[in-house]
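Peer 1: when you get a sec, could you give me coordinates for this:
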Amino acid sequence: MSRRDLANFKNRVIGCSAVMAMGQVISNAIANPATQAAAGMIGGPIALGGVSILAAIAGDIAGNIAANDLGNRMTQRLSKNPSILENHDLIEAAGEAIAYILREVALSPQLIAIALSKNLPSPERAINQLADKTPEYWLDINTNTADLSRGLNISEDQLTLIFSADAEEFDRVTGLTTADWATFLNEFAASQGKSFDAKIVEFVADKLYATFPKAYCRVLKQDAAKGGEKFAAMLLKLHQIALAELKNLGLQNREILQKLEAVATRQQICQVMEKLSAIEIGIRDDLAQVRELLQTFIDTSAPRLPISLKSETIIEDRTKDFTGRRFVFEEIGRFLQTNRKGYFVLEAEPGVGKSSILAQCVLMMRRRCVTHFNSRSDGIVDAKTFLENACLQLIDGFKLRDKYPQLPENATANGNFLGRLLGEVSATLGGKKLIFVVDALDEVDLSLQSSGSNVLYLPEVLPDNVYFIVSKRPESLPLPMNHLPFDLMQYDAESLEDTKAYIAKRTSNSASIQNWIASHDLSLEQFVGAVAQKSQNNFMYLRYVLNDIENGEYRDVSLEDLPRELTGYYRKHWAQMIGREDDPLLEMKVKIIYVISKAREAVSRGWIAKSVRETDFKVQQVLKKWDSFLRQQQVSGEIRYSIYHNSFREFLAKDETVQSAGVNVEELNRQGMNNRVEGAPL
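Peer 2: Here you go, the predicted model:
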């Protein structure tokens with residue numbers, strides 16, 4: 001590789017790094033429910049996908065250029081921008097990512113196997129030595145000889161992944177080409193007086209090609225965890241340059257511009273960096289093989305199915321810090337492999353992770369499955385909503401809109417129309433599978449459908465290559481006769497390992513939890529083991545307790561005094577929520593939590609105040625202290641509240657203090673209906 005070619009290669013790596021960082025900042029800035037509503041992006045294709053984010057911007061730029069044209073204009077401008085090419089932090093981050101990959105590759109069993117198969121000495125030491133020299137060598141490459149006319153040419157598929165708020169999508173970005181990395185590696189090795197067999201070079205180059213974006217994000221994430229001192233300013237500068245380029249290209253939409261301009265502080269940039277991965281970003285991915293297997297069953301080149309905004313919100317929430325559960329996904333893979341069709345029913349107690357598993361399943365199949373999350377907290381509890389959601393996904397996803405411009409009048413009255421669509425779609429699958437993912441069957445209100453029917457009117461007989469992956473508690477429900485139950489509660493050993501891995505992962509990503517462990521004179525092993533034992537493998541418990549430790553709630557609490565099991569946690573914190581028995585606000589607090597727990601959907605502060613006959617200000621003061629137990633969402637410009645998890649709702653239903661609140665449920669529902677009739681907000 002000539003000096004000029006080496007300089008070109010370095011510039012292209014820097015340009016790729018800049019586009020990746022900028023794409024993630026922009027995507028995370030505009031792709032959240034509140035911003036989608038403000039930008040008018042709800043109702044069309046879900047704006048969490050890369051193309052739709054680019055399209056939302058491109059559609060407002062002068063000339064209405066196509067999304068991929070916009071993306072390529074941005075990559076060309078960024079890859080040739082002198083401010084970027086001279087950005088020391090960006091260059092350093094790219095070099096650290098390369099060094100990280102080389103260290104990981106040096107430990108790879110596949111690399112050792114290649115050396116043994118060719119009777120070569122182990123390359124581990126030589127590659128580690130290269131990794132140590134990488135930062136110095138990378139910074140010394142002189143880019144003055146680079147040909148700036150040779151900018152990046154990123155394909156539309158890659159732009160889709162780069163401009164995606166979905167970390168699972170971004171995880172599959174690949175940089176440059178394998179041949180580029182191989183040439184660079186040979187040149188680098190030669191400069192250090194080393195050489196490698198062609199097979200070893202090919203293997204290492206493949207790893208650099210496939211994992212550079214992951215490693216680059218890992219460098220940024222590690223820095224963010226330390227406060228973001230090193231690269232936050234660099235990302236902020238990239239964002240400012242990208243925003244200026246968008247304005248130069250003619251972006252006019254004030255809502256989008258205001259959101260992008262709001263990402264203007266180091267703290268906000270660090271928050272974006274922390275969102276770069278909903279799963280652990282790194283070279284080792286325990287779920288990679290399972291994910292690849294699941295993706296063989298679907299057409300990954302087909303458009304993503306139009307998942308509802310509420311389901312997207314649940315998926316994002318439940319996959320945060322997702323860990324393990326490989327044995328469940330392997331069982332799902334076996335089910336899909338060995339059956340021509342059917343129902344896979346995941347059963348487990350509340351808080352064990354059913355929703356998280358199904359949400360992760362949707363991500364692993366790249367949203368190419370029909371998706372529906374029942375949720376009592378969100379008022380999604382009836383067959384009509386499921387049928388409408390499922391049928392529209394099938395019609396839009398399989399291009400049946402010409403035949404069905406709107407749903408037939410009786411489409412949601414029973415399962416007949418869904419059955420017809422399944423027959424039509426199954427005939428077009430061409431060897432692939434149609435997979436439904438449906439969560440929380442136990443939260444469905446069976447009183448709203450015909451007596452004796454299957455829950456959600458699930459079809460008794462399915463066409464070939466049609467599968468449902470569903471979840472429920474271990475309770476009796478009217479299900480189709482031929483279904484395969486999978487009892488997660490029977491896998492204590494596997495669940496314990498996943499529990500410990502989750503605790504260790506959360507701890508490694510939190511300086512606050514690490515400080516708590518140190519201040520209590522504990523080892524990591526002691527902490528992980530004790531908290532896992534107290535949790536009884538309940539991830540909802542872990543989420544609450546670890547969040548509280550991180551937020552300083554247990555500063556003066558010993559390891560032994562941490563609450564035990566989810567019910568113990570609820571009991572302890574319920575006492576804190578309502579305060580002393582002589583608290584003059586006690587009755588109002590109990591009534592507020594009672595009406596929220598009984599409401600059939602998320603409700604506004606005004607609705608709560610009217611229902612308990614208190615002032616809006618007093619209600620606000622109470623709600624501010626209950627953040628960890630309430631889900632907040634923006635609807636029509638106002639915040640609405642619901643119980644975060646149904647297990648807490650059930651705890652409240654059993655608590656004597658709540659039962660004695662003196663609130664008449666029938667009167668509550670009647671009052672809620674009157675509020676709507678009178679035009680009051682929910």
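Peer 1: all helices of the stretch 51-200 of the chain, in order?
Peer 2: 67-79, 82-85, 88-106, 109-117, 124-140, 156-162, 167-170, 178-191, 198-225 (DSSP state H, counting those that start in this stretch).
Peer 1: just checking, what packs against the second one?
Peer 2: So that's helix 82-85. Packing contacts for helix 82-85, counted by 3 or more C-beta pairs under 8 Å, 6 or more residues apart in numbering; DSSP states H and E, involve helix 3-30, helix 232-249. (C-beta placed from N, C-alpha, C; glycine too.)
Peer 1: looking at those helices, which is nearest to residue 608?
Peer 2: For residue 608, the closest of the helices and strands packed on helix 82-85 is helix 3-30, at 30.6 Å, according to C-beta to C-beta.
Peer 1: chain center to that closest one: distance?
Peer 2: 23 Å (C-alpha atoms, centre = their mean, to the nearest Å).
Peer 1: quick one on the thing from earlier: could the helices of the stretch 51-200 of the chain be laid out in JSON lines, adding distance to residue 472?
Peer 2: JSON lines is the format used below for those (distance: least, C-beta to C-beta, whole Å):
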{"stretch": "helix 67-79", "distance to residue 472": "40"}
{"stretch": "helix 82-85", "distance to residue 472": "51"}
{"stretch": "helix 88-106", "distance to residue 472": "40"}
{"stretch": "helix 109-117", "distance to residue 472": "40"}
{"stretch": "helix 124-140", "distance to residue 472": "49"}
{"stretch": "helix 156-162", "distance to residue 472": "34"}
{"stretch": "helix 167-170", "distance to residue 472": "25"}
{"stretch": "helix 178-191", "distance to residue 472": "46"}
{"stretch": "helix 198-225", "distance to residue 472": "35"}
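Peer 1: by mean pLDDT, show me the worst of these.
Peer 2: With a mean of 64, helix 167-170 has the lowest mean pLDDT of these.
Peer 1: run through who's touching the helix or strand harbouring residue 545.
Peer 2: Here residue 545, judged by DSSP states H and E, is contained in helix 539-550. Residues outside helix 539-550 that contact it (C-beta atoms under 8 Å, 6 or more residues apart in numbering) are 350-353, 356, 499, 502-503, 506-507, 510, 512-513, 516, 531, 534-535, 554, 562-563, 565-566, 569, 573, 628, 645, 647.
Peer 1: let's go with 6 Å and repeat that
Peer 2: Helix 539-550 is contacted from outside by 351, 353, 506, 510, 512, 513, 516, 535, 554, 566, 569, 645, using C-beta atoms under 6 Å, 6 or more residues apart in numbering.
Peer 1: chain center to it: distance?
Peer 2: On C-alpha atoms, centre = their mean, the centre of helix 539-550 falls 18 Å from the chain's centre.
Peer 1: avg pLDDT for that helix?
Peer 2: pLDDT averaged over helix 539-550 gives 86.
Peer 1: now the buried members of the contacts of helix 539-550.
Peer 2: Listed as buried from those are 351, 353, 506, 510, 513, 516, 535, 554, 566, 569, 645; burial here means 16 or more other C-beta atoms under 10 Å.
Peer 1: so where's the stretch 301-450 of the chain uncertain?
Peer 2: For the stretch 301-450 of the chain, no stretch is flagged by pLDDT under 70.
Peer 1: the helices in the stretch 451-600 of the chain, which residues?
Peer 2: Counting by DSSP H, counting those that start in this stretch, the helices of the stretch 451-600 of the chain are 492-508, 511-519, 524-535, 539-550, 565-578, 586-598.
Peer 1: what is the neighbour count of residue 419?
Peer 2: Residues lying near residue 419 (other C-beta atoms under 10 Å) number 16.
Peer 1: next one: phi and psi at the closest residue to it other than its chain neighbours?
Peer 2: Once flanking residues are discounted, residue 419 sits nearest to residue 459: 5.1 Å by C-beta to C-beta, 6 or more residues apart in numbering. Backbone geometry at residue 459, expressed as degrees, to the nearest 10, gives phi -60, psi 140.
Peer 1: could you count how many residues lie near residue 640?
Peer 2: Around residue 640 there are 22 other residues, counting by other C-beta under 10 Å.
Peer 1: go on, residue 179?
Peer 2: Residue 179 has 11 nearby residues by other C-beta under 10 Å.
Peer 1: I'd like the distance between it and residue 152.
Peer 2: Note on residue 179: its distance to residue 152, by C-beta to C-beta, to the nearest Å, is 16 Å.
Peer 1: pretty sure residue 564 sits against residue 534.
Peer 2: Yes. Applying C-beta atoms under 6 Å, one finds residue 564 in contact with residue 534, separated by 4.9 Å.
Peer 1: and the two? Which one has more around it.
Peer 2: Using other C-beta under 10 Å, the more surrounded residue of residue 564 and residue 534 is residue 534, with 19 against 16.
Peer 1: need the pLDDT of the more buried one.
Peer 2: 87.
Peer 1: quick one, what contacts it?
Peer 2: Residue 534 touches 562, 564, counting by C-beta under 6 Å, 6+ apart.
Peer 1: if we use 8 Å, what do you get?
Peer 2: Residue 534 neighbours (C-beta under 8 Å, 6+ apart): 541, 545, 562, 563, 564, 565.
Peer 1: do residue 300 as well
Peer 2: When contacts are taken as C-beta under 8 Å, 6+ apart, residue 300 is in contact with 366, 368.
Peer 1: how near is it to residue 616?
Peer 2: Counting by C-beta to C-beta - residue 300 and residue 616 are separated by 49 Å.
Peer 1: ok, residue 219 next?
Peer 2: 47 Å.
Peer 1: settle it for me: which of these two has more neighbours?
Peer 2: Counting neighbours by other C-beta under 10 Å for residue 219 and for residue 616 shows that residue 219 has the greater number, 23 against 12.
Peer 1: against residue 13, how distant is the more buried one?
Peer 2: From residue 219 across to residue 13, the span is 13 Å (C-beta to C-beta).
Peer 1: pull out the buried positions in stretch 423-438.
Peer 2: 424, 425, 426, 429, 433, 434, 435, 436, 437, 438.
Peer 1: dihedrals phi and psi, residue 343?
Peer 2: Per degrees, to the nearest 10, the backbone of residue 343 is at phi -120, psi 130.
Peer 1: excluding chain neighbours, what is closest to it?
Peer 2: residue 483 (3.6 Å).
Peer 1: got it, and residue 199?
Peer 2: According to C-beta to C-beta, 6+ apart, the nearest residue to residue 199 is residue 114 (5.3 Å).
Peer 1: in this structure the one you found contacts residue 203, no?
Peer 2: Yes. Between residue 114 and residue 203 there is a contact at 5.9 Å, judged by C-beta atoms under 8 Å.
Peer 1: compare the two and say which is more crowded by neighbours.
Peer 2: residue 203 (21 against 18).
Peer 1: if I look at residue 76, how far off is residue 510?
Peer 2: Distance, residue 76 to residue 510, using C-beta to C-beta: 40 Å.
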